[in-house]
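Participant: just to be clear, the model below is a prediction. Sequence and coordinates:
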Amino acid sequence: MSSINTVPLLQEIDSDNEEGTENLLVGDNRPLFKPVEPRDKFHTVYLIFYLLGVVTILPWNFYVTANDYWMYKFRDVHSHNLTTASEVKNKTQLQAEFTSYISVASAVPSLLFLILNTAISHRVSLNKRILGSLIFMLIFMIQTLVFVVIDTDQWQYLFFIVTLVTIVLLNVCSAILSGSIFGIVGNFSPVYITATIGGQALGGIFAAIAEIISLAIGASSTHSALVYFIIGNITIAFSIVCYVVLVKTVFFKYHIEDKFLSISDFSSSSSVPLISHQIIVKKIWVHGVSMFLVFAITLSVYPGVTVLIDSEGKGHGNKWNDVFFVPTIAYFLFSVGDYLGRLLAGKCQKPKNESIILILSLSRFVFIPLMMLCNANPRRYWAVVFDRDYQYIIILLMCALSNGYLANLTAILAPRKVDNFEKESASSIMTVFMGIGLAVGSVISLFMVKLL
């Protein structure tokens, strides 16, 4: 669902840390010579990491963004005059709450398997974890595509349960894939880490654009969804091919296979320091709490509440207000703001004081009531204060920019609080803080929707 940059964009890589199996070893098991690093021809590895970054959260992005399709699937089937989701004014309970359930079904299993992946990473080979995740992800996305053409009107609640189970399984695959990808990309220079991070951030933009294109075709909700999910399936299938190409490149083998073999050669050395996760947490807990707050607050209202916020001109026959407003503003604009925030954090990296960052992260709580006071429907308790589109757009954009900026800033600064041999573990721990924030925020969003 959301991405983490673990290093500053302009950080220099320490070439002394690069070891390979071609090194000549001396008596103390230290390399005497270091082989010349091969070139990444045509930036192949860079581009593939960018694509894999997109795919790591593609299921969540595609499920959440397909709002028009879900509104059609869970519409009131007894109102025969309603033919498309955009014509529905009074949402059913399933329509109103489905997006929040997506968030919960995505965040909770992602957190559990993100932690589990850390435990099994040394027992299950890298190729099995990545290729297995991608293949099962493709299978479940094909299943989603098949349901598009099946009439589920007479068994909506069963379809609702089947869809949530599918989302859980998809996000199990996504968590294992994400943990594995970030585990290996940490062995490359910062530009490749940034590529994976950028890919995750662009995943939301890609999904929103795909949804807008499918809606622009002018077909029915099901036909638009068919085009939309076909794009998702093709993307995953293409990523499988690209990963097979990736592992065969000399550049990849230099950083991964040779390095892992070299590490195993040194494993018996008494000079290898022991890593204590407890000590690392003590060093970075302020940044971890900041990361938790950023995502918990964001997921409390996005996308559960934001998807319910309608344009001020909805219902007057204008396609922008009735069809394109939600995918363009709630998803595309938010993803763009989040992406720009991440890029800005990589270049600016201020403030560096962890207490100030914690205060800024906590201050984002203001976005929860601000979003609740926008034109969200259905509502029972809260009054509409910000009924103009431009007011909602400003609030959403500020939320997105601050989310991307603070999330990336904490991820950049946290590893600097630990020793060099602890940096990879520190980044992994920050990912767990992020996962906890996503899970807590998604659960809160269920209550936020009911409190509208």
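Facilitator: Everything's here; your move.

Participant: where does pLDDT dip in the stretch 251-400 of the chain?
Facilitator: 257-273 (pLDDT under 70).

Participant: do the same with the stretch 101-250 of the chain
Facilitator: 117-122, 183, 186, 190.

Participant: do you have the helices of it handy? List them.
Facilitator: 126-148, 156-185, 190-216, 221-248, 250-255 (DSSP state H, counting those that start in this stretch).

Participant: and the gap between the residue nearest to residue 170 when sequence neighbours are not counted and residue 372?
Facilitator: Spatial nearest neighbour of residue 170, chain neighbours left out: residue 59 (4.0 Å); criterion: CB to CB, 6 or more residues apart in numbering. Using the backbone N, CA and C atoms, a C-beta is placed for each residue, glycine as well. Computed as CB to CB, to the nearest Å, the residue 59 to residue 372 distance reads 28 Å.

Participant: repeat that for residue 247.
Facilitator: 48 Å.

Participant: those two: who's more crowded?
Facilitator: residue 372 (23 against 16; other CB atoms under 10 Å).

Participant: residues touching the residue lying closest to the more buried one once chain neighbours are set aside, list them.
Facilitator: The spatial neighbour of residue 372 that comes closest, neighbours along the chain excluded (CB to CB, 6+ apart), is residue 382 at 5.1 Å. Residues in contact with residue 382 (CB atoms under 8 Å, 6 or more residues apart in numbering) are 372-373, 376, 451-452.

Participant: ok, back up a step: counting contacts, what elements does the helix or strand encompassing the residue nearest to residue 170 pack onto?
Facilitator: Assigned by DSSP states H and E, residue 59 falls within helix 58-65. When contacts are defined as 3 or more CB pairs under 8 Å, 6 or more residues apart in numbering; DSSP states H and E, helix 58-65 sits against helix 93-120, helix 126-148, helix 156-185, helix 190-216, helix 221-248.

Participant: for the closest residue to residue 207 other than its chain neighbours, give its distance to residue 323.
Facilitator: Nearest residue to residue 207, sequence neighbours excluded (CB to CB, 6+ apart): residue 61, at 3.7 Å. Counting by CB to CB, the separation of residue 61 from residue 323 is 19 Å.

Participant: let me know the closest of the contacts of residue 382 to residue 389.
Facilitator: residue 376 (13.1 Å; CB to CB).

Participant: how close does the closest one get to residue 338?
Facilitator: 20 Å.

Participant: which of these two has more neighbours?
Facilitator: Between residue 376 and residue 338, counted using other CB under 10 Å, residue 338 has the larger neighbour count: 28 against 23.

Participant: you'd agree the more buried one is up against residue 201?
Facilitator: Yes: because the distance of 6.0 Å satisfies CB atoms under 8 Å, residue 338 is recorded as touching residue 201.

Participant: overlap in contacts, those two.
Facilitator: In contact with both residue 338 and residue 201: residue 404, using CB under 8 Å, 6+ apart.

Participant: residue contacts, the nearest residue in space to residue 70 that is not next to it in sequence?
Facilitator: Nearest non-adjacent residue to residue 70, counting by CB to CB, 6+ apart: residue 98, 5.4 Å away. Shown in contact with residue 98 (CB under 8 Å, 6+ apart): 70, 74, 160.

Participant: roughly how far apart are the residue nearest to residue 372 and residue 71?
Facilitator: 21 Å.

Participant: could you do residue 108 as well?
Facilitator: Distance from residue 108 to residue 71, by CB to CB: 24 Å.
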